[in-house]
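need the 3D shape of this:
(2 chains)
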Number of protein chains: 2
Amino acid sequence: MFPDYNNHMSSSARISRRLTQVPASPIRKLVPFAVAAKKEGVHVYHLNIGDPDIKTPDVMLNVLRDWDKNPIGYDQSQGNPEFLEAMRTYYHGLGFTFIGTKNIQVTNGGSEAISMALFAVCNPGDEVLTFEPLYTNYNSYAVVNGVTLKGILTSSDTGFHLPTRDVIEKAVTDKTRAILICNPNNPTGTVYTAEEIRMLVDIAKEKGLFLLSDEVYREYTYDGRTHVSLFTFMQEIPDKAIVLDSMSKRYSLCGVRLGTLVTLNEEVLSGILAIAQGRLSSGLVDQAIAAKLTDVPDSYMREVHEEYTRRRDVLYDGLRSIPGVVIPKPEGAFYTIVGLPVADADDFCKWLLTDFRDNNETVMIAPAAGFYATAGRGKNEVRIAYVLNTAAITRCVALLKTALTEYGKRKA
Amino acid sequence: MFPDYNNHMSSSARISRRLTQVPASPIRKLVPFAVAAKKEGVHVYHLNIGDPDIKTPDVMLNVLRDWDKNPIGYDQSQGNPEFLEAMRTYYHGLGFTFIGTKNIQVTNGGSEAISMALFAVCNPGDEVLTFEPLYTNYNSYAVVNGVTLKGILTSSDTGFHLPTRDVIEKAVTDKTRAILICNPNNPTGTVYTAEEIRMLVDIAKEKGLFLLSDEVYREYTYDGRTHVSLFTFMQEIPDKAIVLDSMSKRYSLCGVRLGTLVTLNEEVLSGILAIAQGRLSSGLVDQAIAAKLTDVPDSYMREVHEEYTRRRDVLYDGLRSIPGVVIPKPEGAFYTIVGLPVADADDFCKWLLTDFRDNNETVMIAPAAGFYATAGRGKNEVRIAYVLNTAAITRCVALLKTALTEYGKRKA
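So this is what the prediction gives:
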């Protein structure tokens, strides 16, 4: 009855192969077990996700109280003019006075910035070099954009710093289009040195690659370290450098879905503006909130920085006192990849939620396997986000210590 | 110096081919000319974009005034629980009581719902059947997702209603995965009959295709017409039916970037949840606003409906009195595709902004060529959105009448 070529047309419509390839988030896939634990009345400390308890600046919250726009209509596709101007001022304040508002595309979170960048620089099947462990959602954006991520392994032995130029260049193939870094790094907490960024710029230049730098945690570097932004080298490789940014962590605005993609490459800007037009605009209210960033007092940023430094210290000192735990000292951001004395961190993280209770409390952390692009890596590692106050982190360290002992006995 | 396979690696990094294929929005590409006109002090009436001047319901705006959440953190990836519950209640109110919150994925506007749906049902290179003229941004989502849109032509002669089953079935190839409709239709204003939806369901069933129904304008049908939702047939083709929805037009919330994707197909839901996890969550504030939809009084929806009916009447009666203008009576939504006595509507629409002034006023409308997937179609057509009050629409009709006369003389 049907011609031969119709043999795919069963009575059942099938989802796409690629849909089955989008990985479930290692940060969120255990959420149902956390929900179940909470229903039992168990208190769950969330160190699994970078959703800080730090307060949003008052000057931003006041935008809501004083709201007078009606209706809440579309904004411009490139971004709200006031927000664009605020971002320009912010970048100028960092010393990058060559950035104009025309170089900035507002995005729905840093997420969309990364996704748009991958689309812009890769055709389907092209490769992007990155360094493992990596921000887990890069894996999602790669599948969504038909891009292959090639992860070059970094190790806790070297504080997850970059391998030598030789190692990176050897990984470049005829399909490689870009190098993608996260600096300061989520999930490792590594802050790349000026020499490392310089090296990547040189490789990009020599090999004709884009260099994408996700700098969402720019302000969070510790022990006197300076963040070396790709902006520093942007005028040297104007067609190749793309900076990806987000408001989420800087101003504790995770629920305000706003980021930026910044570049001097006009072809990239014009192409992504077309994508942005397709989805019309980012949120009007969210952009009005974020546009107040230039009014956030310096004291806010200073206090937040001091608070994260304290949290880092409490977590680091606590965890490294636990036998079998491997933790390099985090240099920036508010994450760390921790090696645990377990064979299967996935199982351990799930068990924390389903079985382990201490004084009716437990802790949620993210198994690290999903923070690698290469299957099989990171099996005994977890990512911990130090986004709770020091008292809570102290308690979490104690919980993990007890849990590791119990889990070890159980497996023995 | 470089091996042969490196010959693509020039010193200049190149943007992807696909980035160059994302079309500029016909709704927004003339914006720079509108901005320039406004700088000259010219008043520009915006009938180019479906960004209504209707007020957002007070009960939603009050959410901003009363905001007390701090920090503004991430929400759940599937969607804010209160918003999901409100949407469930809304769908139940329409009579579709088989919809549970588990069948709903919250999206960043209807835009993301459409984009996710195309990704979910198509592998790269697969085809989706749709009807031209079409919602222009479908073209963008198609390029972004590597999908080919095949547009089956509909005509003003038949009020842009669907062709016969035979014509549609002939367009199905071995690459066809889905049929995508917009009902009530943007840009034609057509409301499909129960027979038309029944026919599409039958085709989807027989050919094993997904049926995607964009029902953003569900409430806006005129002259006593009933909207026949795909929900009516969803239980008959549970694995194939996907409804795409948005808050933007229903509650005048275009700047609140929220939509939904609703289906009984659990594989689709689980796959798109993974995509949603990758981009973390929709906005917390926007979802809190939209969650109040169940508190919007019936009188609001009734008044808005009456207002759009009046606007439709004024526009329709006005335009059809202009010689050479072809306009079928819009049955729903708040758009209409209008044939003009010009050879190149692109040029005419641009000229309205750059040259035409009447009492220092002009009108912005969208050239319709970008509302077709097939190159060369719609050259003498424009899309008009009747989103301004009746006085403004009356003035716009007069402006268009004068402009067409002047433009005709200029070309003669």
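
what about the spatially closest residue to residue A:98 that is not a sequence neighbour, how many residues nearby?
Residue nearest to residue A:98 in three dimensions, not counting chain neighbours: residue A:235, with 6.0 Å by CB to CB, 6 or more residues apart in numbering or on different chains. Any C-beta I mention is one placed from the backbone N, CA and C, and that applies to glycine too. When neighbours are counted by other CB atoms under 10 Å in any protein chain shown, residue A:235 registers 11.

hmm, who's touching the one helix or strand residue A:37 maps to?
Assessed by DSSP states H and E, residue A:37 sits inside helix A:31-39. Contact with helix A:31-39 is made by A:44, A:46, A:350, A:353-354, A:362, A:364, B:76, as judged by CB atoms under 8 Å, 6 or more residues apart in numbering or on different chains.

now with 10 Å, please.
Taking contacts as CB atoms under 10 Å, 6 or more residues apart in numbering or on different chains, the residues outside helix A:31-39 that touch it are A:25, A:28, A:42-44, A:46, A:48-49, A:349-357, A:360-362, A:364, B:76-78, B:277.

drop anything exposed from these.
Neighbour-count burial (16 or more other CB atoms under 10 Å in any protein chain shown) is assigned, among the contacts of helix A:31-39, to A:25, A:28, A:42, A:44, A:46, A:48-49, A:349, A:351-353, A:356-357, A:361-362, A:364, B:76-78, B:277.

doesn't residue A:89 fall inside a helix?
Yes: under DSSP: H, G, I helix; E, B strand; the rest coil, residue A:89 falls within a helix.

okay, now the nearest residue to it once chain neighbours are set aside: neighbour count?
In this structure, residue A:89 finds its nearest non-sequential neighbour in residue A:294, 5.1 Å apart by CB to CB, 6+ apart. Neighbourhood size, residue A:294 [other CB under 10 Å]: 14.

roughly how far does residue A:294 sit from residue A:264?
According to CB to CB, to the nearest Å, residue A:294 stands 23 Å off from residue A:264.

residues of stretch A:320-331 that come out buried?
A:322, A:325, A:327-328, A:330-331.

now those in CSV, please, with extra columns for distance to chain B.
CSV is the format used below for the buried residues of stretch A:320-331 (distance: CB to the nearest CB, whole Å):
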residue, distance to chain B
A:322, 29
A:325, 28
A:327, 25
A:328, 26
A:330, 21
A:331, 24
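
how is residue A:169 assigned, secondary-structure-wise?
When classified by three-state DSSP, residue A:169 comes out as helix.

could you check the pLDDT of it?
Note on residue A:169: pLDDT of 98.

cool, residue A:412 as well?
So, for residue A:412, pLDDT stands at 69.

residue A:49 now?
At residue A:49, pLDDT is 88.

any idea how far it lies from residue A:159?
23 Å.

please apply the same query to residue A:320.
14 Å.

any shared contact partners between the two?
Common contacts of residue A:320 and residue A:159 (CB under 10 Å, 6+ apart): A:328-329.

leaving aside the residues adjacent along the chain, what's closest to the residue of the stretch 51-200 of chain A found nearest chain B?
At 2.9 Å from chain B, residue A:140 is the closest residue in the stretch 51-200 of chain A, using CB to the nearest CB. Nearest residue to residue A:140, sequence neighbours excluded (CB to CB, 6+ apart): residue B:278, at 2.9 Å.

measure the residue nearest to residue A:41 when sequence neighbours are not counted to residue A:410 for me?
In space, and not counting its chain neighbours, residue A:41 is closest to residue A:360: 6.6 Å by CB to CB, 6+ apart. In this view, residue A:360 and residue A:410 are 19 Å apart by CB to CB.

and for residue A:179?
43 Å.

Serialize the buried residues of stretch A:320-331 to TSV and add fields for pLDDT and secondary structure.
Formatted as TSV, those follow (pLDDT from 0 to 100; DSSP: H, G, I helix; E, B strand; the rest coil):
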residue	pLDDT	secondary structure
A:322	97	coil
A:325	97	coil
A:327	96	coil
A:328	95	coil
A:330	97	coil
A:331	98	coil
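
pLDDT value on the nearest residue to residue A:72 once chain neighbours are set aside, please?
Nearest residue to residue A:72, sequence neighbours excluded (CB to CB, 6+ apart): residue B:255, at 4.2 Å. If you check residue B:255, the pLDDT there is 96.

residue A:10 too?
For residue A:10, the pLDDT comes out at 46.

follow-up on the earlier one: helix, strand or coil for the residue nearest to residue A:89?
Classified using three-state DSSP, residue A:294 is helix.

I figured it hits residue A:84, correct?
No: applying CB atoms under 10 Å as the test, residue A:294 and residue A:84 come out as separate, 11.9 Å apart.

mind listing what residue A:335 touches?
So residue A:335 contacts A:47, A:50, A:133, A:135, A:182, A:184-190, A:217, A:220, A:312, A:366, A:371, A:383-387 (CB under 10 Å, 6+ apart).

how much space separates it from chain B?
Per CB to the nearest CB, to the nearest Å, residue A:335 is found 15 Å from chain B.

residue A:230 too?
For residue A:230, the distance to chain B - CB to the nearest CB - is 14 Å.

what is the burial count for that residue?
Neighbour number of residue A:230 under other CB under 10 Å is 27.

same check on residue A:97?
Residue A:97 - counted by other CB under 10 Å - has 10 other residues nearby.

do the same with residue A:195
Neighbourhood size, residue A:195 [other CB under 10 Å]: 11.

quick check: buried residues in the host helix or strand of it?
Per DSSP H and E, residue A:195 falls inside helix A:194-207. For helix A:194-207, the neighbour count (16+ other CB under 10 Å) marks A:196-197, A:199-201, A:203-205, A:207 as buried.

so which strand or helix has the nearest residue to residue A:280 once chain neighbours are set aside?
Using CB to CB, 6+ apart and skipping the chain neighbours, the partner closest in space to residue A:280 is residue A:74 (5.6 Å). Residue A:74 belongs to no helix or strand when assigned by DSSP H and E.

which residues does residue A:74 contact?
By CB under 10 Å, 6+ apart, residue A:74 lies in contact with A:280-284, B:27-28, B:49-51, B:109, B:248, B:254-255, B:257.

great, nothing more from me.
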